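>>> Make a model of this:
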Amino acid sequence: MLELSEDSFELHSVDLELEAVEKQIRNLQVKQAQLRQRKAALESSRTDAHLSQVPAILKNNIRAVVLHAGTNDIRLRQTEILKKDFRSLVEKVRTTSPTTRIIVSGPLPTFQRGIERFYRPDGLHPSRVGAAVLSDNISRTLRII
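You can find the predicted model right below:
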């Protein structure tokens, strides 16, 4: 967790696909620091791995949480199981911290013609350009809440 000053706006983003988390959030960390926010990323590849970690992350007065469903959630899970797991994660955040705003991000579109520059060669994970776009979109959303 990136700790700033006590009067910092606290943000804990839960990124559900973290194979490339450092690349995906590098730009976001810089922007969050500029906005005086805090961030924590949970390292796992699937939604269901995060439920038990929610209370510890939300123990402070958190204003917003970004939940990002990634391609691992979609590729590795059946749709109904993914929906159930994601719904459980949202409900856990709501019951743990009712005033925390929940922002849902993703999943990103899978590889399509014309958008190759946004993806790594596997066609699933964002490239640096794709991660920068994702970061910018999340930062813009956080500024307006």
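
>>> And the average pLDDT for stretch 88-98 is what?
Averaging pLDDT along stretch 88-98 gives 91.

>>> Give the buried residues for that stretch.
Neighbour counts over stretch 88-98 (16 or more other CB atoms under 10 Å) mark 89, 92-93, 96-97 as buried. To be clear about C-beta, it is placed using only N, CA and C from the backbone, and glycine gets the same treatment.

>>> from these, which is closest to V54?
K92 (4.6 Å; CB to CB).

>>> Can you tell me the closest non-neighbouring residue to the closest one?
Distance criterion CB to CB, 6 or more residues apart in numbering; nearest residue to K92, sequence neighbours excluded, is V54 at 4.6 Å.

>>> quick one: the strands in this protein?
For the chain, the strands defined by DSSP state E cover 9-15, 37-38, 64-68, 101-105.

>>> Which strand residues bridge H68?
Counting by DSSP bridges, H68 forms beta bridges with D15, S105.

>>> Hmm, S105 and it touching each other?
Yes. Taking contacts as CB atoms under 8 Å, H68 lies within contact range of S105: 4.1 Å.

>>> Which of the two has more residues huddled nearby?
H68 (24 against 18; other CB atoms under 10 Å).

>>> do you know how far the more buried one is from T141?
According to CB to CB, to the nearest Å, H68 and T141 sit 12 Å apart.

>>> Next: P55.
Per CB to CB, P55 is found 24 Å from T141.

>>> just A56 next, same as before
The spacing between A56 and T141, counted by CB to CB, is 24 Å.

>>> what's the answer for S127, then?
Distance, S127 to T141, by CB to CB: 21 Å.

>>> Then L58?
Using CB to CB, one obtains 19 Å as the distance from L58 to T141.

>>> Tell me which of the two has more neighbours.
Between L58 and T141, counting by other CB under 10 Å, L58 is the more crowded of the two (19 against 14).

>>> Contact partners for that one?
Contact analysis of L58 by CB atoms under 8 Å, 6 or more residues apart in numbering lists 12, 65, 93, 96-97, 100.

>>> Thank you, goodbye.
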